[in-house]
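Undergrad: Build me a structure from this.
(2 chains)
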Amino acid sequence: MSKVRTRFAPSPTGYMHIGNLRTALYEYLIAKHDGGDFILRIEDTDQEREVEGAVDIIYDVLEKTGLKYDEGPDKPGDCGPYIQSERLPMYKKYADELVDLGGAHYCFCSEEDIQKQRDLAAEHGEAFKFMDPCHAISKEDARARIANGEKYVVRQTIPSYGTTSFDDEVYGHIEVENSILDENVLLKSDGYPTYNFANVIDDHHMHITHVVRGNEYLSSTPKYNLIYNAYGWEIPTYVHVPPVMKDEQHKLSKRNGDASFQDLLAKGYLAEAILNYIALLGWSPEDEQEIFTLKELEERFTAERINKSPAIFDINKLTWMNGMYIRNLSVEEFNKKAMPYYTQAIKRDIDHMYLSKTIQARVETLVDILEAVDFLDEAHAFDASLYQNKKMKTTPENSLEALRWVLEKVEACEEYTEEVLHDVFMNLAVEKEVKNGRVMYPARVALSNKARTPGGAVEIAVLLGKEETVARLKQAIADLEAALA
RNA sequence: GGCUCGUUGGUGAAGCGGCUUAACACAGCGCCCUUUCACGGCGUCAUUCACGGGUUCGAAUCCCGUACGAGUCACCA
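TA: Here you go, the predicted model:
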């Protein structure tokens, strides 16, 4: 058996949507599972949709996700060029050959005429099937007209009888009657091929063994097979994957404002977590493992375990998984990833590593950091009700008392370290014969004026430093006195 | 409308004729741990697999039909 080769063939439209990325992942995994090659091919045959810089985005995403390709535009192999617009002469040559083989014909009908017929049929509520009058033109006449400079397209010729069938790795045996297949344009009048044609030509010449694509191609696959057969080429293994949905009836798409890969990164999700999550959108392993490195996925992934039905993208589960990835980072790695957010949200000079240690298990996305640390530069506005806590048995009154105890001890601290502060609070509780919470809870609130903080009283006091801690305790005492007066 | 595909809990899903009075995970809910929150731990959450028939001793699993949903029918991919 020949070496497995798959390809990721995006058209450069400016962003990487999740469904697309998942297809790339599956293609990568199918190839790597068998030690095969993963190829990147740019499908830029639609000049009107061309977006500047879009190819760079594709490179960037593949780089960030670690989906390394063996051949591509910037990594030449034996089957280049890897950008379709650079392969034009080849398509022309094969189109002419396909005409000779009887798999296609030249067509001189204008787009407008066909559209008119289509509209007419729609008005009458009839199904439209284009019956190309150009079938009647002989090859010789057609070529003479072309030589004369007449505009033309090459259109696929489809037999009006018989059926075409194929076996898909995911969907199984599929059979379609030729008579319902449309005769699509293969080579446009601008000399560019359509997807329907370029795909077949390139997949064959790039020795692609497994064609992985969205299941919207399921019903047109027979048309491609007709082309393969006309040339006498081997038909690749097909792996059609179900769509990734936003909800039961809508596909995930940028047009609906749904998140793209880049959007998710910007929202503080890690590339590894995103990749891991989308692997599970339509595929499942044999056991119950859910967290996988790319390497592990390479080992475990098989097309047979791809699900047939659409998968709904669940941001909740991604968020959970992202939290898992964040917690699995070493503190150093986390600190590094958190730094841009720290510098954005914190002006005060603090011990970043210490902050990272206390915050790492408390955020699920990097962006969560912003909200978590927003009290460090300046405490939130005073709110007496925060001191009322049933479980901690605190009230504004007894909190005021506790804060006075704390202030006294903290001011007296010679050394100001986590250990010392920890002892201060613990000893205080023992000395005053109250539960820890009676003194630590008010202190935490006094230092932040937030109900939730990353870390408890001790951690926050360490982060803030002695001077600021004392200042905030004093302020809180003053605020409480005023509120209770 | 024709054709193709799909339908297991709020979500991702396992299940491939008896081991299933349907795994696992997320979310939810409750409890424990705890100086808050989180982490972690524990428990709970589908008498039922869209619906209706059929085959079978036995069906979520096989067959037929219905409903619903999606895709496709471009000189877009």
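
Undergrad: close enough to count as contact, A:Glu397 and A:Ala485?
TA: No: A:Glu397 is not in contact with A:Ala485 according to Cβ atoms under 8 Å; the separation is 11.9 Å. Using the backbone N, CA and C atoms, a C-beta is placed for each residue, glycine as well.

Undergrad: Looking at the two, which is more packed in?
TA: Neighbour totals were compared for A:Glu397 and A:Ala485, and A:Glu397 leads with 12 against 5 (other Cβ atoms under 10 Å).

Undergrad: Helix or strand: which one has that one?
TA: Using DSSP states H and E, A:Glu397 sits in helix A:396-411.

Undergrad: Give me the pLDDT value at A:Thr23.
TA: A:Thr23 carries a pLDDT value of 96.

Undergrad: Leaving aside the residues adjacent along the chain, what's closest to A:Asp44?
TA: A:Ser85 (4.9 Å; Cβ to Cβ, 6 or more residues apart in numbering).

Undergrad: just checking, what's the longest helix in chain A?
TA: helix A:457-484 (DSSP state H).

Undergrad: So that helix, near RNA strand B or not?
TA: Yes: under the criterion of Cβ under 7 Å from any atom of the strand, RNA strand B is reached by helix A:457-484 at A:457-459.

Undergrad: before we move on, back to that, pretty sure the residue nearest to A:Asp44 is touching A:Glu43, no?
TA: No: look at A:Ser85 against A:Glu43 with Cβ under 8 Å: they stay out of range, at 9.2 Å.

Undergrad: All the strands of the stretch 51-200 of chain A, residue numbers only.
TA: A:104-107, A:153-156, A:163-168, A:172-177, A:185-187 (DSSP state E, counting those that start in this stretch).

Undergrad: I'd like those as a markdown table, with distance to RNA strand B appended.
TA: A markdown table is the format used below for the strands of the stretch 51-200 of chain A (distance: least, Cβ to the nearest atom of the strand, whole Å):
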| stretch | distance to RNA strand B |
| --- | --- |
| strand A:104-107 | 8 |
| strand A:153-156 | 5 |
| strand A:163-168 | 8 |
| strand A:172-177 | 5 |
| strand A:185-187 | 3 |
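
Undergrad: Could I get those in CSV, plus columns for mean pLDDT?
TA: CSV is the format used below for the strands of the stretch 51-200 of chain A (pLDDT from 0 to 100):
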stretch, mean pLDDT
strand A:104-107, 97
strand A:153-156, 97
strand A:163-168, 92
strand A:172-177, 90
strand A:185-187, 97
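
Undergrad: Adding distance to A:Met440 and mean neighbour count, write those strands out as JSON lines.
TA: Shown next, in JSON lines, are the strands of the stretch 51-200 of chain A (distance: least, Cβ to Cβ, whole Å; neighbours: other Cβ atoms under 10 Å):
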{"stretch": "strand A:104-107", "distance to A:Met440": "79", "mean neighbour count": "24"}
{"stretch": "strand A:153-156", "distance to A:Met440": "76", "mean neighbour count": "24"}
{"stretch": "strand A:163-168", "distance to A:Met440": "62", "mean neighbour count": "15"}
{"stretch": "strand A:172-177", "distance to A:Met440": "63", "mean neighbour count": "12"}
{"stretch": "strand A:185-187", "distance to A:Met440": "74", "mean neighbour count": "25"}
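
Undergrad: For A:Gly53, which non-adjacent residue is closest in space?
TA: The nearest residue in space to A:Gly53 (Cβ to Cβ, 6+ apart) is A:Gly14, at 7.7 Å.

Undergrad: what's the spacing between the one you found and RNA strand B?
TA: 13 Å (Cβ to the nearest atom of the strand, to the nearest Å).

Undergrad: What residues does that residue make contact with?
TA: Residues near A:Gly14 by Cβ atoms under 8 Å, 6 or more residues apart in numbering: A:51, A:53-54, A:57.

Undergrad: let's see 7 Å
TA: Contacts here follow Cβ atoms under 7 Å, 6 or more residues apart in numbering; on that basis A:Gly14 touches A:51, A:54, A:57.

Undergrad: helix, strand or coil for it?
TA: With DSSP: H, G, I helix; E, B strand; the rest coil as the basis, A:Gly14 sits in coil.

Undergrad: Would you mark the buried spots in stretch A:294-301?
TA: A:294, A:297-298, A:300-301 (16 or more other Cβ atoms under 10 Å).

Undergrad: can you list these in TSV and add pLDDT and secondary structure?
TA: Formatted as TSV, these follow (pLDDT from 0 to 100; DSSP: H, G, I helix; E, B strand; the rest coil):
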residue	pLDDT	secondary structure
A:Leu294	96	helix
A:Leu297	96	helix
A:Glu298	96	helix
A:Arg300	94	helix
A:Phe301	95	coil
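
Undergrad: now stretch A:449-463: how far from the chain's centre is it?
TA: From the chain centre to the centre of stretch A:449-463 is a distance of 34 Å (Cα atoms, centre = their mean, to the nearest Å).

Undergrad: Report the mean confidence score over it.
TA: 93.

Undergrad: swap in stretch A:134-145?
TA: The model assigns stretch A:134-145 a mean pLDDT of 95.

Undergrad: Any part of it near RNA strand B?
TA: No: Stretch A:134-145 lies out of reach of RNA strand B by Cβ under 7 Å from any atom of the strand, never closer than 10.9 Å.

Undergrad: about what we covered before: residues near the residue nearest to A:Asp44, how many?
TA: Using other Cβ under 10 Å: A:Ser85 sits among 16 other residues.

Undergrad: any idea how far it lies from RNA strand B?
TA: Applying Cβ to the nearest atom of the strand, one obtains 10 Å for the distance of A:Ser85 from RNA strand B.

Undergrad: do the same with A:Ser260
TA: 16 Å.

Undergrad: is it true that that residue touches A:Thr13?
TA: No: look at A:Ser260 against A:Thr13 with Cβ atoms under 7 Å: they stay out of range, at 10.8 Å.

Undergrad: helix/strand/coil for A:Thr6?
TA: Following three-state DSSP, A:Thr6 is assigned to strand.

Undergrad: residues touching A:Leu101, list them.
TA: For A:Leu101, the contacting residues are A:230-231, by Cβ under 7 Å, 6+ apart.

Undergrad: Next: A:Phe197.
TA: By Cβ under 7 Å, 6+ apart, the contact list for A:Phe197 reads A:91, A:95, A:186-187.

Undergrad: cool, and A:Thr194?
TA: Residues near A:Thr194 by Cβ under 7 Å, 6+ apart: A:45, A:184-186, A:188.
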